[in-house]
Each structure stands twice: as C-alpha cells, then as structure tokens.
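J.: Predicted model and sequence below, questions to follow.
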Amino acid sequence: MKLTILGCYAATPRTFTNPTSQILEIKNRLFLIDCGEGTQVQLRKNKIRFSKINHIFISHLHGDHFFGLVGLVSTFTLLNRATDLHIYGPKGIKEIIMLQLRLSNSWTNYGLHFHELESSETQVIYEDEKVIVKTIPLKHRVYTNGFLFQEKIDKRKLNVAAVESFEIDSCYYQNIKNGKDIVLEDGRLIENHKLTFDPIPPKNYAFCSDTAYDERIIPLLNDVDVLYHESTFLQSEENLAKRTLHSTAKEAATIALKANVKQLVLGHYSTRYENIKLFKEEAQTIFSQVLLADDGKSFDF
C-alpha cells in the first residue's frame, strides 16, 4: 500500500505548497483522493500515469479540495482518454463540473460517471474483487465525507510441499486455496490449515479531511493501519479550530489513540505556520506513531 501526497496544505495554493490531493495505490488499484488546484501538475512531477486514474474521490465542495477537478477532466480529453472515469463526491459535484464544461463548449470523449453522495451514514460507494471503499461522515461547515479503503482478504496460500506429500492432484488446488478440506482416496480428511499458509493480512487506509474533532468516527477507524487526519491548527489556535470546524494536531492524535490505529499521518496544515514539525511534536505528546505529510512525499506501508 503506497500513499503519495500531491498536496496537503489548507486554503490557498502557494509557489511552494499545494492544496489537498493524494494518490493511494492499493492492490494494484490507483485512487485519487481530492483534487485541489495544481493536482495535474503534481501528478506529472510525481510521475503518476494519468491513464491509471479511473476513480476520483472528492471529500467536500470547498475549493481547496476540488478546484483542480475540471482541469483534470479536460486534460483527460486532450490525452485521448477512452476509459470511463468515475467521480464520487457530494451532491452538486456533477452540476458544477457539467456547467463548466457546457459553458466552455467542452466535452469528454470518454464516459464520465458521477456518484453523488448525500447520506449522513457510512455507506459502501465502491467495491471490486480486491478493494472496498466506504464513506466516513465528517463534521465540517459543508457536507463532507472521509473515505475508508479496505483490502479484501486474499485466498489462502498453497503449501506445495504439503499437498505433494499427500499426493493430492493439482485439480484440487483451487478448492484448497478457497479454504476447503480435502478427502483422500483412502478416506482420510486433511484439514485445510495443514495444506495452506495464512494470506497476508489485509491493509486499510482512512482519509479524514476536513473535520472538527468528532469521536463519532472512532468506530469506523478502529484498528486501521493508516489514518490521515487533518491537523489544520496547533492547540494554541484551538478556538479558531472550533469556530471553523477544523482539528488541531493534538485532537488528531487523540482520535488516533482512541481508535487504536497503527500509524497517524498529519496534513492540511494552515499556511500561518512556518515549521510543520511543530505539528508532529504536539501530536506525539498523545500518540507516538506520527508521520508528517508534505507535498511530493510518498509512504510505503
């Protein structure tokens, strides 16, 4: 599982920082999460292949999280894209993008599918044979969702030495991988765990931005491998965080601690701070396993 941070700063883009956008690579899938201004430039800088992006998840309709979307949609057309593109986001995202395309006399030469979200409860919004994606309802000034990306459990791994020792025909291998026991010709039952290895434990990743401190999301985050939680402010600006429905680094760490996550990644920093290391220092007073997102940084989990 690999996370590439394209942008992780709040509000306005600057010459050296970018608003929110990130790429999650999981089970050979590539998902774009949020699409602030400059996203496609950051994709090129980080050598992300545009053609691999088939699913885009937009958390909410504040500009620093989606103002780069219509440009990316248009660029896909210029690149002669043929594959369908799916966009998941709040109700209204379709109207915004289609209005921009229509008034600029633009179009797409590929299927453009919008999956608009309105529910205040968690829901499955994407699923295939390898990955499932659920919403995480967040508390912000407009309707907002985080996203939980979960790998599905793989099939069990065949213990070749074991099956050969029992002289089991290869035609039974698929059933064994699927977890079935085997009855030999002499009537002996061979339990599956004697013929297989456990699969690699599935990984999961939770994206939570933008949001105020909200313990209602903890049950959805319990035991996740990696949590990206916004930390717009330091605790010295706690009142400002409350007023704008954002979080402090300390509050993000508290959520991570209470949810028993394995790794916390901080981001969405207010540009008022010159040194983002202060966010890590503050968070680690509560929770030890803290990483700092920064533009262009990648994490392998």
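T.: That came through, no problem.
J.: and Asp300, what does it touch?
T.: For Asp300, the contacting residues are Met1, Lys2, by CB atoms under 8 Å, 6 or more residues apart in numbering. No exception for glycine: its C-beta is placed from N, CA and C like everyone else's.
J.: From Val124, how far out is it?
T.: 27 Å (CB to CB, to the nearest Å).
J.: helix, strand or coil for the residue of the chain most remote from its centre?
T.: Distance from the C-alpha centroid of the chain peaks at Asp186, with 50.5 Å (CA atoms, centre = their mean). At Asp186 the chain is in coil, as set by DSSP: H, G, I helix; E, B strand; the rest coil.
J.: That one and Phe166: what is the separation?
T.: With CB to CB as the criterion, Asp186 and Phe166 are 10 Å apart.
J.: Same question for Lys177.
T.: Distance from Lys177 to Phe166, by CB to CB: 15 Å.
J.: where does Ser231 fall, phi/psi-wise?
T.: Backbone geometry at Ser231, expressed as degrees, to the nearest 10, gives phi -140, psi 70.
J.: mind listing what it touches?
T.: With CB under 8 Å, 6+ apart, Ser231 has these contacts: Ser247, Thr248, Ala249, Glu251, Ala252, Leu266, Gly267, His268, Tyr269, Phe279, Ala283.
J.: Thought Leu245 was touching His140, still the case?
T.: Yes. In this structure His140 lies within contact range of Leu245 using CB atoms under 8 Å: 5.0 Å.
J.: For stretch 125-134, give me every contacting residue.
T.: Looking at what lies outside stretch 125-134 - CB under 8 Å, 6+ apart - the contacts are 26-29, 31, 55, 57, 86, 88, 115, 117, 122-124, 135, 147-152, 220.
J.: Apply 10 Å and report the result again.
T.: 24, 26-29, 31, 55, 57, 86, 88-89, 115, 117, 119, 122-124, 135, 145-152, 154, 202, 204-206, 220 (CB atoms under 10 Å, 6 or more residues apart in numbering).
J.: Pull out the buried members of the residues you listed.
T.: 24, 26-27, 29, 31, 55, 57, 86, 88-89, 117, 122, 135, 145-151, 202, 204-206, 220 (16 or more other CB atoms under 10 Å).
J.: So what sits opposite the closest residue in space to Arg29 that isn't next to it in sequence in the bridge?
T.: Counting by CB to CB, 6 or more residues apart in numbering, Val131 is the residue found nearest to Arg29 once chain neighbours are left out, at 5.5 Å. Applying DSSP bridges to Val131 yields these beta-bridge partners: Glu151.
J.: Val131: how many residues sit nearby?
T.: 20 (other CB atoms under 10 Å).
J.: how near is it to Asn105?
T.: Taking CB to CB, one finds Val131 at 37 Å from Asn105.
J.: repeat for Leu112
T.: From Leu112 to Asn105 the distance is 16 Å (CB to CB).
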